[in-house]
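Let me see the structure of the following:
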Amino acid sequence: MTHYPSHHPHQTSVWYPTIQFTCKLFNPKTQERVWKSLSVSNFVTPPPGLDKRSSKSDQFSIVHKDHPGDEFAESYAIRVNLADDLQISLDVKRPASAPGWKVGKGPKGGFSYFGPDVQSPEGYVVHRFWPLTSCSGAIIRSGHAESIKGRGMFVHAIQGMRANLVASRWNFAHFVSEAYGGTSAIQMEFTTIDAYGPQGSGSGFVTVNVGSLVVGGKLAAVTAETKYPNKPLPESAEVMSRAIHEKPALDRDTGYDAPTGFTFRWAAPSVLPDSPGNLDATLVIDVGQPNAYKGLVEKVDFLAEIPAVIKSVIAYAAGTKPFIYQVSVIFVSTILPC
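Numbering: from 1, shown residues only. As a prediction, the model looks like this:
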């Protein structure tokens, strides 16, 4: 769900938020894709009797609840009416053994600030995670309900500046396995534009990466690493959080040099009191050539999926045509206690 500022046509210099609800469905068996993005009406947060972790509109409701002492410590109940032929009912529960996490302590934990003054930043983004969730519910298509159940993750992301100013590129990874009693790994990485760096404008393209490992259904490690331009990272370190693009090749569909493989690295001391030591995890993924990607879900033209007023601003300011590559593959992984 995204807030977009919109100019009111009958007032001068007055802006009000447009609330956009976006949903992507992909069936790996049938290869069917459904992408819905709609402006909602009568948006309210918090709804009566709830806090700001919940919200509702005419088209959806998202209700957060705490469950102290339960196997699942908190949950979201999501109910969405996206169209006459598409409704979604989804319950997302976080197990008590895998607490949510953020990088940094206190109410400002999870914030990344842009600009020379942290107390008065030019912009910011926020990322806070549930590293493991249990998801269940139903997708209703043209009156027919299909039950869904599985593992997932949740990120509460807030974007306090225009999208084209936040990053020149992003990487996201989500890995799930039954190995080691239930394993999950997530990673989020962004690289700043040239305007934001350690010496101000012109020293940018700083890469920020955060992630976590869940082993045996428990949050085992949290990783974070920052890479500055012209300062290579060591091959090995106690804490690592890295997304590496391997052997890029020209993608004629988008005009970009796209990776033909990925290497994701996690390393950090265990946060489990009863299991000290270090964790080190590596995912190596071969996706093939861009014109025949293995496990390709979709190449998403980002500007085609957002409101026209925002599209024109971003396209003009950035001078680029951003794409999102979504890939879902089965691969071999290694997670080793040190």
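
Now do the helices in the stretch 101-250 of the chain.
For the stretch 101-250 of the chain, the helices defined by DSSP state H, counting those that start in this stretch cover 163-166.

Skip the chain neighbours and tell me the closest residue to F302.
Using C-beta to C-beta, 6 or more residues apart in numbering and skipping residues adjacent in sequence, the residue nearest F302 is P322, 4.3 Å away. Heads up, the C-betas are built off the backbone N, CA and C, glycines and all.

burial count for the one you found?
Other residues lying near P322 total 19 when counted by other C-beta atoms under 10 Å.

Surely it touches V300?
No: if you go by C-beta atoms under 8 Å, P322 and V300 don't touch, sitting 9.1 Å apart.

Could you pick out the longest strand of this structure?
Assignment by DSSP state E gives strand 123-141 as the longest strand of the chain.

Measure how far it is from the centre of its chain, please.
Distance of strand 123-141 from the chain centroid (C-alpha atoms, centre = their mean, to the nearest Å) equals 9 Å.

Let me see the mean pLDDT of it.
The average pLDDT within strand 123-141 is 97.

before we move on, what about stretch 234-245?
Mean per-residue pLDDT for stretch 234-245: 96.

hmm, who's touching that stretch?
171, 173, 187, 189, 209-211, 223-225, 227, 233, 259, 261-269, 278, 280 (C-beta atoms under 8 Å, 6 or more residues apart in numbering).

Distance check, A185 against L283.
Remark: distance between A185 and L283 (C-beta to C-beta, to the nearest Å) = 7 Å.

For those two, indicate the residue with more neighbours.
A185 (28 against 19).

I'd guessed the more buried one sits against A173; true?
Yes: counting by C-beta under 8 Å, A173 is a contact partner of A185 at 7.1 Å.

Touching both of these two, which residues are there?
The contact sets of A185 and A173 overlap at 211, 264, 283 (C-beta under 8 Å, 6+ apart).

Show the low-confidence segments of the stretch 201-338 of the chain, by residue range.
Across the stretch 201-338 of the chain, the ranges flagged by pLDDT under 70 are 305-320, 330-338.

can you pull out the strands in it?
Taking DSSP state E, counting those that start in this stretch, the strands of the stretch 201-338 of the chain run over residues 207-215, 218-227, 240-246, 249-250, 257-258, 261-269, 278-286, 296-301, 323-327, 333-337.

quick one: M161 and A195, what's the gap?
M161 sits 11 Å away from A195, going by C-beta to C-beta.

Columns distance to L219 on top of the shared contacts of A185 and A173, output as TSV?
Output for the shared contacts of A185 and A173, formatted as TSV (distance: C-beta to C-beta, whole Å):
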residue	distance to L219
G211	12
F264	18
L283	18
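
how far away is the nearest residue to I139 once chain neighbours are set aside from R79?
Leaving aside its chain neighbours, I139 sits nearest to E146 (5.1 Å; criterion: C-beta to C-beta, 6+ apart). Applying C-beta to C-beta, the value for E146 to R79 is 16 Å.

who has more neighbours, those two?
Between E146 and R79, counted using other C-beta under 10 Å, the more crowded position is R79 (16 against 10).

Does that one touch S61 like I think?
Yes: using C-beta under 8 Å, R79 makes contact with S61 at a distance of 5.0 Å.

ok, and the closest non-adjacent residue to C23?
Counting by C-beta to C-beta, 6+ apart, K36 is the residue found nearest to C23 once chain neighbours are left out, at 4.8 Å.
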